[in-house]
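[1] pasting the sequence and the predicted model now:
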Amino acid sequence: MSKRVFLIVLDSFGIGEEPDAAAFGDEGSNTLASIAKSPEFCVPNLAKLGLFNIDGVQCGERVTAPAAAYARLQEASNGKDTTIGHWEIAGIESPRALPTYPEGFPKEVIEEFSRRTGRGVLCNKPYSGTQVIRDYGEEHLRTGALIVYTSADSVFQVAAHESVVPVEELYRYCEIAREMLRGEHGVGRVIARPFEGSCAGDFKRTPRRHDFSLQPPAPTMLDAICAAGQSVIGVGKIYDIFAGRGVGESIRTSSNDDGMRVTLELAKRDFAGLAFVNLVDFDMVYGHRNDVDGYARAATQFDRQLAELLGLLRKDDLLIITADHGCDPGTPSTDHSREYVPMLAAGACVRAGADLGTRRSFACIAQTVCEYLGVCTEHLAGESFLGEIMRGGK
């Protein structure tokens, strides 16, 4: 039977500050501990797998016989963002941080973007994505100028009303920005943020967001799996994060629920290789908005869907659940946080209760996935833990 790996990234599901968190302004951050305090939080299936048995996790109830192998992963890269986190999961460690712009983008960058698009620019500051359209949306409607903003992450975001700038035109503008922003100003992502509504009081972002990412600087596990003739199915924003490289099939989703719906359908489908899933609502909808109860509800909903997925796994399937960084909704900050992330590995082939302790580098996942699929990994960072989690060894 063909081997399948389901790798699910709970975007921003951190489990406590890393040793260097203070250098990132994140001392005391703990996404899991914050949401576990909410009355909306109920994750019995994650608990059974061993979430609360992981090193350093002090919330929730430990179980005596976890059903999964589990570990705490420490980021080796210099960053705490989606791009760097996913690249590391896929086997690339990034010692150099991507550029950020706490004072906005340089004048020459904005002037060149305006010249190439033929439109003015509003804002050019770090801003909340929902607040920026309330504060600048009406001026944008009057003038047609593009709303450009950033955050603590390495992003260049462009917001525009769909009646003023059709979505395809907005995407073209973002492609222009992506072409410009390389080298010194090579931000991780350029993000199109279309919105709709008649005034500041009812503006809302639409689901037609699109990310334009940097190409990974080296081959990833996605490239390796594709080169071996196996499937790589990207669910959610995986295609965008890797700029399409190494993704054989991409399935866009509109929410966590939609992402899990697709994942459950894939579990019923025949393929050999990797289904790589990103569930972005944890981060985008709840973490960045400091919505503790909303984040907790999303975790509870995922846990219910996880029960169904576990029931669909075949004998040779490997399920890995992890995260790419933190985004603690219980702190005053609305930005990502430098946190450890969980690793839960489940399936009939997995030695239940295998405690891997704390491991340096998310890239151990790439090595493990590729080794399980029989794919060459000599160009990837990290060390495989496959031998430690398989029943009867490899």
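    Sure thing, it's come through.
[2] tell me, how many residues neighbour the closest residue to residue 40 other than its chain neighbours?
    Of all residues not flanking residue 40 in the chain, residue 296 sits nearest, at 4.0 Å (C-beta to C-beta, 6 or more residues apart in numbering). (C-beta placed from N, C-alpha, C; glycine too.) By other C-beta atoms under 10 Å, the residues close to residue 296 number 22.
[3] cool, and the one 4 residues further on?
    Each residue near residue 300 was counted by other C-beta under 10 Å, and the total is 17.
[4] can you list contacts of the helix or strand harbouring it?
    Taking DSSP states H and E as the criterion, residue 300 maps to helix 292-312. Residues outside helix 292-312 that contact it (C-beta atoms under 8 Å, 6 or more residues apart in numbering): 6, 10, 13, 31, 34-46, 256-257, 260, 263-264, 267-268, 279, 281-282, 285-287, 319, 321, 329-330, 346.
[5] also stretch 132-149?
    105, 110, 113, 117, 119-127, 129, 156-161, 164-165, 173, 193, 195, 197, 199-200, 203-205.
[6] now the residue nearest to residue 40: how far from residue 310?
    21 Å (C-beta to C-beta, to the nearest Å).
[7] mind listing the residues bridging to the nearest residue to residue 230 once chain neighbours are set aside?
    Closest residue to residue 230 apart from its sequence neighbours, by C-beta to C-beta, 6+ apart: residue 273 at 3.4 Å. Legend: beta-bridge partners of residue 273 under DSSP bridges are residue 4, residue 231.
[8] so, low pLDDT: which residues of the chain?
    Across the chain, the ranges flagged by pLDDT under 70 are 1, 393-394.
[9] can you pull out the helices in it?
    For the chain, the helices defined by DSSP state H cover 31-36, 44-49, 82-89, 107-117, 129-143, 167-180, 221-227, 238-241, 256-267, 281, 292-312, 364-373, 386-389.
[10] need those in CSV (columns: distance to residue 76).
    Output for the helices of the chain, formatted as CSV (distance: least, C-beta to C-beta, whole Å):
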stretch, distance to residue 76
helix 31-36, 20
helix 44-49, 24
helix 82-89, 7
helix 107-117, 30
helix 129-143, 29
helix 167-180, 27
helix 221-227, 15
helix 238-241, 18
helix 256-267, 27
helix 281, 27
helix 292-312, 26
helix 364-373, 10
helix 386-389, 19
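[11] so which bits of the helix holding residue 300 are buried?
    For helix 292-312, a neighbour-count test (16 or more other C-beta atoms under 10 Å) marks 292, 294-303, 305-306, 309-310 as buried.
[12] okay, the angle between that helix and helix 256-267?
    Per axes from the mean of the first three to the mean of the last three C-alpha atoms, to 10 degrees, the angle that helix 292-312 makes with helix 256-267 is 10 degrees.
[13] just give the number of residues close to residue 346.
    With other C-beta under 10 Å as criterion, residue 346 counts 27.
[14] how much space between it and residue 70?
    In this view, residue 346 and residue 70 are 9 Å apart by C-beta to C-beta.
[15] find residues that contact each of these two.
    Residues touching both residue 346 and residue 70 by C-beta under 8 Å, 6+ apart: residue 49.
[16] ok, and the closest non-adjacent residue to residue 376?
    residue 224 (6.2 Å).
[17] out of the helices of the chain, which comes closest to residue 211?
    In terms of C-beta to C-beta, the element of these nearest to residue 211 is helix 238-241, at 3.6 Å.
[18] residue 118: neighbour count?
    Residues near residue 118, counting by other C-beta under 10 Å: 8.
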